[in-house]
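In: build me a model from this:
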Amino acid sequence: MNKIKLAAIIAAVAATAVYSILFVLVASPHGNTRRPWPEPPRDAILVLGHSIDEYNQPSEMLYLRLQTALGLSIGHERRAIIIVSGGQGPTDAVSVGQAMKEWLIDRGVSADRIIVEDASGNTYENFMYSAAIAQEIGFRRIIVVTNEFHMFRAMRTANLFFDDAIGIAAFDRVDMSRDMTATMREPFSLVKLAFDHLIR
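Out: Next up, the predicted model:
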C-alpha cells in the first residue's frame, strides 16, 4: 500500500471518528422539556427561526418552536419578552421573524411583548443580533427555544453571547425520518459554526 492510499485511509478513519463523536453529542438530549421546571422566570424567550412557506406560515419544525414559545409565554414565562429571530430568504415575502410575530399575535400574544430580529441568516447570526437587542434593553436571563436536534449547537452558540441561557426543546417531535436527517446534518453545521466564530 503506497503512502497516498494509507494517508487517505487514515484521514477517512479520523473524519469518521470525529463525525461519530459529534453525532453522539448532537443526538443526545440537551433541551429541558419538563413543565413546570424549578427555574425562576426569565427576561426573554428567544425563538430561533426556521423556514416559512409561500403563505408566510411556519414549517413544521418552526411551528413546534412557536407552539413551545406560546406555551411558555402564557405559563411560567408570562412576563417575558419574546424575541423572534430570523431574516428574509430570497423567496420569502416577509422575514421569518415577522412571520413568527404575526403567528404569535394571531394566537393572542400582545404585539408589545414581541421583538423581531430580522437580519440573521444562520444560527450564529440569530444569537449575535439577538444578543445586541437583549443587551440594549438590559436582558440577561434568556430561554432559547428550538428543536431537539438543533439544541446542542444552539446552546454552544448561546454561550458565546449570553452569560445565562437555558434551552427548552420543542415539546413534540416531527416526523422521525425528517428529524434524523436534520440530526445527521448537525455535525457539519457544528464545524461551520466553529469557522464562523473564528473569522468574526
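In: ok, the nearest residue in space to Thr157 that is not next to it in sequence - contacts?
Out: Distance criterion CB to CB, 6 or more residues apart in numbering; nearest residue to Thr157, sequence neighbours excluded, is Phe127 at 4.9 Å. All C-beta spots, glycine's among them, are computed from the backbone N, C-alpha and C. If a contact means CB atoms under 8 Å, 6 or more residues apart in numbering, then Phe127 has Leu46, Ser85, Thr157, Ala158, Leu160, Phe161, Phe162 as its contacts.
In: let's see that with 7 Å instead.
Out: Neighbouring residues of Phe127 by CB atoms under 7 Å, 6 or more residues apart in numbering: Thr157, Ala158, Leu160, Phe161.
In: quick check: which element contains it?
Out: Assigned by DSSP states H and E, Phe127 belongs to helix 123-137.
In: who touches the helix or strand just after that helix?
Out: The helix or strand immediately downstream of helix 123-137 is strand 141-146, counting by DSSP H and E. When contacts are defined by CB under 7 Å, 6+ apart, strand 141-146 is touched by residues 42-48, 65, 68-69, 72, 77, 134, 154-155, 158, 162, 164-168.
In: strand 141-146 vs helix 123-137, what angle?
Out: Here strand 141-146 points in a direction 150 degrees away from that of helix 123-137 (axes from the mean of the first three to the mean of the last three CA atoms, to 10 degrees).
In: buried set for the helix or strand just after strand 141-146?
Out: Using DSSP H and E, the helix or strand that directly follows strand 141-146 along the chain is helix 148-161. Buried positions in helix 148-161, judged by neighbour count with 16 or more other CB atoms under 10 Å: Glu148, Phe149, His150, Met151, Phe152, Arg153, Ala154, Met155, Arg156, Thr157, Ala158, Phe161.
In: adjacent strands (with direction) for whichever helix or strand comes after helix 148-161?
Out: Counting by DSSP H and E, the element after helix 148-161 in chain order, helix or strand, is strand 164-169. With DSSP bridges as the test, strand 164-169 is paired with strand 141-146 (parallel).
In: ok and the strand it pairs with relative to helix 148-161, angle-wise?
Out: Using the same axes, to 10 degrees: strand 141-146 against helix 148-161 is 150 degrees.
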